[in-house]
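*Asks:* model this:
(chains A and B)
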Amino acid sequence: MRAIAGAAGILLLAAGQGTVAPLFPVAGATAEFPLVAAALVGWLRGVRATLIFVPAAGALTAALAGRDLGLYVVGYAAVVPALAAASEYRWPMGRWMGAAAALAAAGAWFRLLLVGAAVLDGADIAAGDVLRHAIAPGALADATFFAGAAAVVALIRSLHRLPLRGARSREALRWP
Amino acid sequence: MVAVARYRWWLATMAGLALFLTIAGRVGALTPLQSALLWLVEPVGEGLHAIFAPAAAVLSDIGELRRLQEENRQLRLENERLKAQVAELRQDTTRLQELESALGVIQSGGGQRLLAANVLAHDVSVLTHTVLIDRGSADGIREGMVVLSPGGSLVGKVIRALPQQAFVRLIDDSRSVVAVRIQETGIDGSLHASADRQLEVKLARGEVAAGATVVTSGLGGEYPPGLPVGKVVEVSGTPQDMFRTVRVEPFAQLAAAQTLLVLTSFTPQALAGN
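*Replies:* Residues are numbered from 1 along each chain as shown, chains lettered A, B, ... in the order given. As a prediction, the model looks like this:
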């Protein structure tokens, strides 16, 4: 059951990358939903939980975008060692900060690969533009969606605790 | 770095998997699987787009509220003037749209054969902009065919045709190069997209002014001559410069394209050679 739910989630993410992500550009760049999701999974469930998710999401996203599957698998795979490296440090704002740093590093690696592939395919880009128009806006887009998703997760977690508090207060208010 | 070393076998496996997938993709072994996936995901993508498109439109409008209010006032006035004419035309237009969607094929006035296609997804990655359309080789689409907007201006060309779908590379993709001409002066140049997806024409010496119309020149045989591309909005450099950079605003709404027309009656030189 968990595998089916996971596969459906990956399918939704890959489909959303082509249909939803372009609707919400940040600084002219599109966020990489599967990478953001991998960072979220790494934050919530640990690095091991991303080992199957990352290549599956990469291959599926590339297939739906008509891109080289291998390029996306290698590009997305960077998030795993990045999450592992981030887990070794104590981050000032908790583990989610480490996941955000891992996402930034993996996003930069992935976009550098895309730039390399585009240049080999005939694109003309100045070295200075790589950071200004590819890496930085992409990192901002990823960070925006990661922060938004992390806020939603935090909200859900706090709501999840509410019934307990509510039950206590209701009991306190109950007539003897 | 102990934690990273723990995943070295996984990373090696990923490198092997990537190599395998790249080779399999290059030889076309993955095409049936990809077609099946696209067929499976098509309704999911349409559903997601229908859910999120209104929210995206609202967010976009909030950022431009003041300009939109003024534009709205102007449009109301214009709307009143045009209402009478629209009422007469609406009946004919509706009938025409019904016929076009029923046939799927549009015969344009210039004798060109155009095939209407819906955009299923956009890939707006770094330096790239491609779209997936719901027509493929089974509908007669071939790689290299020219793609236009519903208004007839240049959008891009087909780069890959699957049986039921095709991928189109748009002109604001950094890998696209289009031979163009300034219509008013006849100067030739080449249209490229910059890293931030702005269209630029690199011209040989000559005068060009903002407001000039850019059309395809037909040089190289990849695009037919005379297709409208866009309007010059900015010219940088002096006439003495070897190459002047000319910024162009495309006529077609590239980021929001939902319906496209594939020009099936024009055979690009690369295809004709085959």
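*Asks:* Using the three-state scheme, assign A:Trp91.
*Replies:* coil (DSSP: H, G, I helix; E, B strand; the rest coil).
*Asks:* residues near it, how many?
*Replies:* A count of neighbours around A:Trp91, defined by other CB atoms under 10 Å in any protein chain shown, yields 14. For every residue, glycine as well, the C-beta is placed using N, CA and C.
*Asks:* same deal with B:Ile62?
*Replies:* For B:Ile62, using other CB under 10 Å, the count is 9.
*Asks:* Next one: it from A:Ala56, what distance?
*Replies:* Applying CB to CB, to the nearest Å, the value for B:Ile62 to A:Ala56 is 36 Å.
*Asks:* same deal with B:Arg67?
*Replies:* Applying CB to CB to B:Arg67 and A:Ala56 gives a distance of 43 Å.
*Asks:* So these two - more neighbours on which side?
*Replies:* The residue with more neighbours, out of B:Arg67 and A:Ala56 and counting by other CB under 10 Å, is A:Ala56; that gives 19 against 10.
*Asks:* these two touch, right, the more buried one and A:Ile10?
*Replies:* Yes - A:Ala56 lies in contact with A:Ile10 (CB atoms under 8 Å); the separation is 5.3 Å.
*Asks:* Which helix or strand contains the residue nearest to A:Arg95 when sequence neighbours are not counted?
*Replies:* Of all residues not flanking A:Arg95 in the chain, A:Trp43 sits nearest, at 5.9 Å (CB to CB, 6 or more residues apart in numbering or on different chains). Counting by DSSP states H and E, the element that carries A:Trp43 is helix A:33-45.
*Asks:* give me every residue that touches the residue nearest in space to the middle of chain A.
*Replies:* Using CA atoms, centre = their mean, the residue of chain A that lies closest to the mean C-alpha position is A:Val36, 0.8 Å off. When the contact criterion is CB atoms under 8 Å, 6 or more residues apart in numbering or on different chains, the partners of A:Val36 are A:103, A:142, A:145-146, A:149.
*Asks:* Same check on A:Pro55?
*Replies:* By CB under 8 Å, 6+ apart, the contact set of A:Pro55 is A:73, A:76-77, B:14, B:17.
*Asks:* Please apply the same query to B:Asp173.
*Replies:* For B:Asp173, the residues meeting the contact criterion (CB under 8 Å, 6+ apart) are A:123, B:127-130, B:156, B:193.
*Asks:* Just the pLDDT at it, thanks.
*Replies:* The confidence metric pLDDT takes the value 92 at B:Asp173.
*Asks:* Phi, psi for it please.
*Replies:* Backbone torsions of B:Asp173, given as degrees, to the nearest 10, read phi -80, psi 130.
*Asks:* how close does it sit to B:Arg244?
*Replies:* From B:Asp173 over to B:Arg244 the distance is 23 Å, taken as CB to CB.
*Asks:* ok, now A:Leu64?
*Replies:* In this structure, A:Leu64 and B:Arg244 are separated by 40 Å, where distance is defined by CB to CB.
*Asks:* Between these two, which has more neighbouring residues?
*Replies:* Set A:Leu64 next to B:Arg244 and count neighbours by other CB under 10 Å: A:Leu64 wins out with 26 against 21.
*Asks:* For residue 54, pull up the helix or strand it's in.
*Replies:* Looking at chain A here, since you left the chain open. Element membership of A:Val54, judged by DSSP H and E, is helix A:50-65.
*Asks:* um, chain B though
*Replies:* B:Pro54 is located in helix B:31-62, with elements delineated by DSSP H and E.
*Asks:* what about that helix, near chain A?
*Replies:* Yes - using CB under 8 Å from any CB of the partner chain, helix B:31-62 reaches chain A at B:33-34, B:37-38, B:40-41, B:44-46, B:48-49, B:52-53, B:55-56, B:59.
*Asks:* how about the nearest residue to B:Pro268, chain neighbours excluded?
*Replies:* Residue nearest to B:Pro268 in three dimensions, not counting chain neighbours: B:Gly144, with 4.3 Å by CB to CB, 6+ apart.
*Asks:* quick one: low-confidence ranges for chain A?
*Replies:* Across chain A, the ranges flagged by pLDDT under 70 are A:162-176.
*Asks:* Helices of that one, start to end?
*Replies:* Assigned helices in chain A, in chain order: A:2-19, A:33-45, A:50-65, A:69-77, A:79-86, A:95-120, A:127-129, A:136-173 (criterion: DSSP state H).
*Asks:* Figure out how far the third one is from the centre of its chain.
*Replies:* A distance of 12 Å separates the C-alpha centroid of helix A:50-65 from that of its chain, computed with CA atoms, centre = their mean, to the nearest Å.
*Asks:* Equivalent analysis for the shortest one, please.
*Replies:* Here helix A:127-129 shows a centroid-to-chain-centroid distance of 25 Å under the convention CA atoms, centre = their mean.
*Asks:* Can you point out the buried residues in it?
*Replies:* Across helix A:127-129, burial judged by 16 or more other CB atoms under 10 Å in any protein chain shown covers A:Asp129.
*Asks:* what do you get for the third one?
*Replies:* Going by neighbour count (16+ other CB under 10 Å), the buried part of helix A:50-65 is A:50, A:53-65.
*Asks:* Let's have the residues you listed in JSON lines, adding distance to B:Leu203.
*Replies:* Supplementary listing: the buried residues of helix A:50-65 in JSON lines, determined by distance: CB to CB, whole Å:
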{"residue": "A:Thr50", "distance to B:Leu203": "49"}
{"residue": "A:Phe53", "distance to B:Leu203": "49"}
{"residue": "A:Val54", "distance to B:Leu203": "46"}
{"residue": "A:Pro55", "distance to B:Leu203": "46"}
{"residue": "A:Ala56", "distance to B:Leu203": "47"}
{"residue": "A:Ala57", "distance to B:Leu203": "44"}
{"residue": "A:Gly58", "distance to B:Leu203": "41"}
{"residue": "A:Ala59", "distance to B:Leu203": "43"}
{"residue": "A:Leu60", "distance to B:Leu203": "43"}
{"residue": "A:Thr61", "distance to B:Leu203": "38"}
{"residue": "A:Ala62", "distance to B:Leu203": "37"}
{"residue": "A:Ala63", "distance to B:Leu203": "40"}
{"residue": "A:Leu64", "distance to B:Leu203": "38"}
{"residue": "A:Ala65", "distance to B:Leu203": "33"}
